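In: mind looking at a prediction? Sequence and model below.
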Amino acid sequence: MPNKNLVGIFSSDEKLVHAAQKAKEAGLPAFDAYTPFPIHGIDEILELKPSFLPRVCFFGGLTGLLSAFTLQYWVHAVYWPMNIGGKSFTAYPAMVPICFELTVLFAGVSTFFGLLFSRGMHPFKTSPFWGLQTENDKFALVFDLDSEEKANKISSLLNQEGALEIREITA
Amino acid sequence: MTTATALGEVLRPPLVEGEKTYGQITDDICAPMEKRPPLGWFLAFMVSGAALLWGVIMVTDLIWTGVGTWGLNKTVSWAFDITNFVFWVGIGHAGTLISAILLLFRQKWRTAINRSAEAMTIFAVMCAGLNPLIHMGRIWRGLYWLFPYYPNTMGPLFVNFRSPLLWDVFAVSTYLTISLLFWYMGLLPDLATAAAHAKGAVRRFIFRTLSLGWSGSARTWAQHEKASLLLAGLATPLVLSVHTVVSMDFACALVPGWHSTIFPPFFVTGAIFSGFAMVLTLLTLSREFLGFQNYITLKHIDSMCKVTLLTSIIVSLAYGTEALIGWYSANTFERFFFINSAVGPYRYCYWTMIFCNVVTPQFLWFKKIRRAPAVVFVISIFINIGMWLERFNIIVIGLHRDFLTSSWTMYKPTYVEWGILIGLFGLFFTCFLLFSRALPMIAMSEIKHVLSSEKRGGKQHA
C-alpha cells in the first residue's frame, strides 16, 4: 500500500533534532530521519525500538562454539579416534583455539546478515528517499501523512524550524 | 550546544584542517575516484604491477616445477614462505587495531585513517594466506589438507585439530572474513554517498548496487552502529588471537629459539609494531599524492608514531628478555641460539634487525620528527625491513643449527623466493593503489560525524 510522506529537508543535524523535538511536543511525531551520519539522541525522539542484533550476535556465536566443539569431538573421539602420544582422545585444551575462532566467525557473519535482514537491504533495493542529497549534506525529517489537516500543521511547523524545502513523497 | 549552524558556515575542528562543510568533505574525498589520476599514481601502478607480474611468473614456476625451486633443505624446511606469512599477517594487525580497538576506546583520530588501514589489513591477509597455499606445492589438494572435508576421499582421515598449523587455517580465514565484513559494513554509507555524487549512470548504478540500497534512515543508522560496535567487540579479541595462534606454530615446536612462552605477546606486539609502520608508509605517501593533507593531518601521523614507539619499546624488551633467558635458563641450546644469532653466520641479519627495530624508532621521541612526514616515511621503511628480518631470524637461525650438529647447514634463498617476495609487495601495493582510486579512501560519514560533534563542544561520539 503506498504510503504518503511529508519530508522536511534541513541543512544541519541540530536543526533536524530541534524540529523533531518540537514536532513530538506538538503531538505530531516524526516517523524517520534520513541523514549523512548517525545522529545521537534521535533514537529517543523517534522512539526507536532497541536493536535485536546483540541477540543475533550471541546466538550466532553460541552456534559457532557448539559446532566447533561438536566437529572436533566427533572427529577425534567418535569417527576416527587416533592415538597421538597416548593423549586423551578428548583433549579439550587443544580444542580451545578453533572453538574461539568459529565462535567469532559465526557471531560476526550472523551480525552482518542480521543487519541486512533487519533493514531489508539487498543489491537491488532503492530507497524512495533517494535523491534528497541526504547522503551528502542534507538532513531529512519524514512524517507519515494521513490527513490534509495534519499536513498543513506539519508544514507550518517545518517552516518555522527553518526547513530548506518541504516535499511530499509517496513510498 | 551552540546555536544551529547554517549550511555553508565554516567549521574549524582540530581533526580536519581547512574550512570544510559537509558538502566539501564529499567533494574532496570523492575527487580521487572521479578525476584522472596524477602521473605519480600511474608510475606507482606500473612499478607495483610489474612486481606483481614477476611474482605471478615465479609462482607459476614454483607450482609447475615444485618446491625444489626454493633454497630449502632438510634442515631448513621453512624460510621465506613462513617469514612472508608471519610478516603479512602482522601487517594486517594495525588495521584491525585502528578500526576496532580504537573504536572501543573512542579515539576520534581513527576516523580519517580507519578505512585505508582496514583495506590494508585485507590486502595483507590475502598476501599472507597465499604463502602457506603455495608452499603446499600441490595447491589443488589444499582443500583436503586444510579443511575438514566430508566424505574425505583421501582416506578416512581428517585434519588434525590438535595442530597449531590447523588453528592457523581457522584463525586466518576467520580474520579475513571478519575484516572484510567489518570493512564492507563501514563502506555501505559511503558507497551510497559515492553513488549520489557520481556523474555517470554506470558508476551510479555500481555504487548504488554495492551500497545494498543504503538509505541513511535513523533506523538503519541505529542498527548499523550497533552492528559496528558488535563487530569491533568481536574483532578485538580476534586480532589478539590471530598472531597468538601464529606464534604457536613456533612455540609449540621444540626447536630452540622457538619453544618459548614469551611468543604470543611478543608476536602480537611485533605485529602491531610492523603494521603501524606499514600504515605510516602508506599514509605518508597517499596524503601527499592524493591531496588528503587536510584529513590525514600531522596530528594523525604524530599519534601513529607514538603507538609505533611504544610497541618498539615492547619489542626491544622482548629481545632483551630472550637474551636474558638464554643465559638465565642455563639451557645449552637456548644459550647457543642467542650466541649463534648475535655472532653466527646470520649475524648481519640479527644486527640489522636490532638497528631497524630498536634504534631507528627512538627518533620518534622527538615531536619535530614525528611531525615531519618525510622522515617518518624513512623510519617506517626501516621498521618494515626490521620486522621482516625478525621473522626470518627466528625461523632460519632457529632451524639451521639445532640439536644435531651433523645436520647443521646454511640456507640461501633462490631467485624464485626473492621473486615471490617481490610479487607479494606487488600484489599488496597494486591492490592498495586500485583501492585508492575505486573506493572512498576516507570514511566520509565518520568525518562528518566528527565535525558535527566537535561543533557542539567536542562531545566524543566517534
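Out: Looks like it came in fine.
In: okay, CA-based contacts and neighbour counts for the rest of this
Out: OK.
In: and B:W64, how many residues sit next to it?
Out: If you count neighbours by other C-alpha atoms under 10 Å in any protein chain shown, B:W64 ends up with 12.
In: for B:C127, see how far away it is.
Out: Per C-alpha to C-alpha, to the nearest Å, B:W64 is found 20 Å from B:C127.
In: B:V159 too?
Out: Taken as C-alpha to C-alpha, the span from B:V159 to B:C127 is 24 Å.
In: when the two are compared, which one has more neighbours?
Out: Legend: neighbour count by other C-alpha under 10 Å for B:V159 and B:C127, higher for B:C127 (23 against 17).
In: the more buried one in helix, strand or coil?
Out: At B:C127 the chain is in helix, as set by DSSP: H, G, I helix; E, B strand; the rest coil.
In: just how off-centre is the helix or strand of chain B with the lowest mean pLDDT within its chain?
Out: Across the helices and strands of chain B, mean pLDDT, DSSP states H and E gives its lowest value to helix B:142-146, namely a mean of 75. Offset of helix B:142-146 from its chain centre (C-alpha atoms, centre = their mean, to the nearest Å): 25 Å.
In: that one close to chain A?
Out: No: using C-alpha under 8 Å from any C-alpha of the partner chain, we find that helix B:142-146 stays clear of chain A, coming within 13.1 Å at best.
In: which strands and helices sit next to the following helix or strand past that helix?
Out: As assigned by DSSP states H and E, the chain's next helix or strand after helix B:142-146 is helix B:164-197. When contacts are defined as 3 or more C-alpha pairs under 8 Å, 6 or more residues apart in numbering or on different chains; DSSP states H and E, helix B:164-197 sits against helix A:96-118, helix B:22-34, helix B:114-135, helix B:201-210, helix B:218-251, helix B:444-455.
In: got a pLDDT number for the nearest residue to B:S380 once chain neighbours are set aside?
Out: Sequence neighbours aside, B:A277 is the residue nearest to B:S380 in space, at 4.7 Å (criterion: C-alpha to C-alpha, 6 or more residues apart in numbering or on different chains). What the model reports as pLDDT for B:A277 is 93.
In: so how far is the helix or strand where B:A277 lies off the chain centroid?
Out: Using DSSP H and E, B:A277 falls within helix B:263-289. Distance of helix B:263-289 from its chain centroid, counting by C-alpha atoms, centre = their mean, is 7 Å.
In: any idea which helix or strand comes after that helix?
Out: Immediately after helix B:263-289, counting by DSSP H and E, sits helix B:298-328.
In: got the angle for that next one vs helix B:263-289?
Out: Helix B:298-328 and helix B:263-289 are oriented at 150 degrees to each other (axes from the mean of the first three to the mean of the last three C-alpha atoms, to 10 degrees).
In: most distant residue from the middle of chain A?
Out: A:G86 (50.9 Å; C-alpha atoms, centre = their mean).
In: is that one in a helix, a strand, or coil?
Out: Judged by three-state DSSP, the three-state class of A:G86 is coil.
In: look at it and report its pLDDT.
Out: Predicted confidence (pLDDT) for A:G86: 85.
In: check what pLDDT the spatially most central residue of chain A gets.
Out: Nearest to the mean C-alpha position of chain A, by C-alpha atoms, centre = their mean, lies A:L115 at 5.4 Å. Listed pLDDT for A:L115 reads 93.
In: could you do the one 4 residues further on as well?
Out: Model confidence at A:R119, given as pLDDT, is 87.
In: please apply the same query to B:R12.
Out: 36.
In: if we can go back for a sec, of the helices and strands packed on helix B:164-197, which is nearest B:I381?
Out: When these are compared by C-alpha to C-alpha, helix B:114-135 sits nearest B:I381, at 15.9 Å.
In: from the contact counts, what lies against the closest one?
Out: By 3+ C-alpha pairs under 8 Å, 6+ apart, helix B:114-135 packs against helix B:39-65, helix B:80-96, helix B:164-197, helix B:415-438.
In: buried deepest among those, which one?
Out: helix B:80-96 (a mean of 27; mean count of other C-alpha atoms under 10 Å in any protein chain shown).
In: and it, what's its mean pLDDT?
Out: 91.
In: what does stretch A:144-160 give?
Out: Here the average pLDDT along stretch A:144-160 is 80.
In: same check on stretch B:165-185?
Out: 92.
In: give me the contact list for that stretch.
Out: A:97-98, A:101-102, A:104-105, A:108-109, A:112, B:96, B:115, B:118-119, B:121-122, B:125-126, B:129, B:146-147, B:159-161, B:224, B:228, B:231-232, B:235, B:238-239, B:241-242, B:245-246, B:249 (C-alpha atoms under 8 Å, 6 or more residues apart in numbering or on different chains).
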